[in-house]
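**Student:** 3D model of this:
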Amino acid sequence: MELITIDLGNFNIKTSKGLIFENRFLLDNTNDIFGAETITIDENTYFIGKGKFEKEFNKINKNYIPSLLYALAKSTYDEEVNIIIGLPIAQIGLKNKISDELKDKTFEFKINGVNRRIHINKCGVVKEGFSSLYALQDRKGRKAILDIGGRTINVVIFQDAKEVNSFTINMGTLNFFDMIASHENSKGGNFTIEEINEYILHGGLDINNYIYIIDKFVDTLQNEIKLQFPNINMYKVLVTGGGSLFFYNALKSIYDNVELMENAITSNVNGNYKIGEVKGWAI
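**Tutor:** Model prediction:
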């Protein structure tokens, strides 16, 4: 039975199979699905990568099933799987709810018009950021992991691999994109949040033109961290998550000992896979 670990990010979905796609979809039962990436559940068809990002912070309150099943179907052909997913630290109290919704459940659906069936045998839920510790070779010493996601930043403090403190800050990459969109639109532009990342990555917008927005974002982040854990500069600060590439350079100017984690975008799913192996779920 295959183990698949999934990061249900507010911006990107990532899996332990290297799959990465934007976490947005559009319910549309009228358009032709030919050539599109779709998942059909209970006769409702969702177009993957279309529509707007959800603004809901609480991942349990979202309709996460289309994205989850699409991620599984694109990551494995097996019909029986064990999974491990992450939740923001502030939401980890809901882990039993999401586990109960998924474990020992069978889902039948279509991917791009092709019938699929997946049975989720076991479902584990781990704190986002905490997972990334297990992606490290060296877990000793004082370490602070900053996991910068789409709508949340999870901070986990460790002493010799034992958790000292952890908390969630309700801001993330989508807030940063919104700041850029607002800046450009104030000059007569017509940008949406959904377009900003594409234009930065593939041309049209130069991230170097928004250094002052990056600095403003990081200043707010620093102040939020100070309120929760003022002595973070006594720890090695490890930056990870989808937003890490945008903010790493600015964070280097603030913290004395800071490092970008290897495979930062997938460190949570990589760490959760190692946790699953220890649990004996990767059969």
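
**Student:** which intervals of the stretch 101-250 of the chain have sub-threshold pLDDT?
**Tutor:** Along the stretch 101-250 of the chain, no part satisfies pLDDT under 70.

**Student:** Please identify the helix or strand for residue 100.
**Tutor:** helix 95-102 (DSSP states H and E).

**Student:** List the buried residues for that helix?
**Tutor:** Of all the residues in helix 95-102, those buried under the rule 16 or more other Cβ atoms under 10 Å are 95, 98-99, 102. Where C-beta positions appear, they are placed from N, C-alpha and C, glycine not excepted.

**Student:** Which of the three states applies to the nearest residue to residue 50 once chain neighbours are set aside?
**Tutor:** In space, residue 50 comes closest to residue 26 once its chain neighbours are excluded; the distance is 3.9 Å by Cβ to Cβ, 6 or more residues apart in numbering. Judged by DSSP: H, G, I helix; E, B strand; the rest coil, the three-state class of residue 26 is strand.

**Student:** residue contacts, residue 26?
**Tutor:** By Cβ atoms under 8 Å, 6 or more residues apart in numbering, the contact set of residue 26 is 46-47, 50-51.

**Student:** Tabulate those residues in a markdown table, adding columns for pLDDT.
**Tutor:** Below are the contacts of residue 26 laid out as a markdown table (pLDDT from 0 to 100):
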| residue | pLDDT |
| --- | --- |
| 46 | 98 |
| 47 | 98 |
| 50 | 95 |
| 51 | 94 |
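
**Student:** Please tell me which one of those counts the most neighbours.
**Tutor:** Tallying neighbours with other Cβ atoms under 10 Å puts residue 46 at the head of the contacts of residue 26, with 24 neighbours.

**Student:** Tell me if that one really is in a helix.
**Tutor:** No - under three-state DSSP, residue 46 falls outside any helix and is assigned strand.

**Student:** Tell me which residues are up against stretch 270-283.
**Tutor:** 1-3, 5, 16, 82, 84-86, 122, 124, 126, 130-136, 263.

**Student:** What subset of the residues you listed is buried?
**Tutor:** 2-3, 5, 16, 82, 84-86, 122, 124, 126, 130-136.

**Student:** Narrow those residues to those in helices?
**Tutor:** 130-133 (DSSP state H).
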